[in-house]
Every structure is written in structure tokens, then in C-alpha cells.
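In: Structure for the following, please:
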Amino acid sequence: ISSDGRVANWIMSKNELKMEPVMFLKLVNNVKDDPEETSLSGLAGGCCFDFNKAESQEHLFIVGTEEGNIHACSKAYSGQYQGTYEGHHMAV
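Out: From the prediction side, this is the model:
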């Protein structure tokens, strides 16, 4: 996980370390109907992550961001979040 918005899988093989992108952390726009608010686009900075320990669900993981959100993610659906949990106003 990285503050540049990328989640990667690092693979060590023989004398080489390879990076395989898992997903990009997209910013979540919390602005609903207020035209005065500026809509943000880009990538969210990742701070922490944890994988599900259950054998049948080891493809699931959560990511904490600098924006204060926690995202439920899946390696099988790398283009979208499975869920977003709000509640923090600073980095998680």
C-alpha cells in the first residue's frame, strides 16, 4: 500500500523483485447535492491494510486512507470498493 494511491502485490523470484498492481485507491466524493462544494477526483493515499484471515475469504482486505475512510476491497474485483466506512476526519 502506498500514499500515492496504489495497492501492489510484490513477488520475489530468484534475484528479482516484481511489482504487480492490485488496485488504485480512488477518492470517494462525499458531496451529494451541494453545487458550492468542489468535487475531488484522483487517488486516495493509503495508510494501512489488513487481509481477511479466513481461508475461504483470503481474497478480501481492508484499506485505511489519509482521507479518513476505510474501504473493503477484493483482489477479485480490483476496479471498485466492496464497501466504504466513514467516520474519521483524519488519516486511518
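
In: how far does the helix or strand hosting residue 8 sit from the chain's center?
Out: Element membership of residue 8, judged by DSSP states H and E, is strand 6-13. Remark: strand 6-13 is offset 15 Å from the chain centroid, using Cα atoms, centre = their mean, to the nearest Å.

In: pLDDT below threshold where in the chain?
Out: Low-confidence segments of the chain, defined by pLDDT under 70: 30-40.

In: try it again with 90
Out: For the chain, the stretches flagged by pLDDT under 90 are 1-3, 7-10, 13-15, 20-23, 26-44, 51-59, 67, 75-80, 86-92.

In: Now do stretch 55-71: everything it contacts.
Out: 1, 3, 7, 25, 27-28, 44-52, 72-76, 81-92 (Cβ atoms under 8 Å, 6 or more residues apart in numbering). Where you see a C-beta, it was placed from the backbone N, CA and C, and this is true even at glycine.

In: which of those count as buried?
Out: 1, 7, 25, 27, 44, 45, 46, 47, 73, 74, 81, 92 (16 or more other Cβ atoms under 10 Å).

In: quick one: contacts for the first one?
Out: Contacts for residue 1 were tallied using Cβ under 8 Å, 6+ apart; they are 7, 8, 46, 47, 48, 49, 63.

In: any idea how far the fifth one is from residue 14?
Out: Counting by Cβ to Cβ, to the nearest Å, the gap between residue 48 and residue 14 amounts to 30 Å.

In: same check, this time on the fourth one
Out: When Cβ to Cβ is the yardstick, residue 47 and residue 14 sit 32 Å from each other.

In: Could you do the first one as well?
Out: With distances defined as Cβ to Cβ, the gap from residue 7 to residue 14 amounts to 24 Å.

In: what's downstream of the helix or strand hosting residue 62, the next helix or strand?
Out: Element membership for residue 62 (DSSP H and E) is strand 60-65. In the C-terminal direction, the helix or strand that comes right after strand 60-65 (DSSP H and E) is strand 70-74.

In: Report the angle between that following strand and strand 6-13.
Out: Counting by axes from the mean of the first three to the mean of the last three Cα atoms, to 10 degrees, strand 70-74 lies at 50 degrees to strand 6-13.
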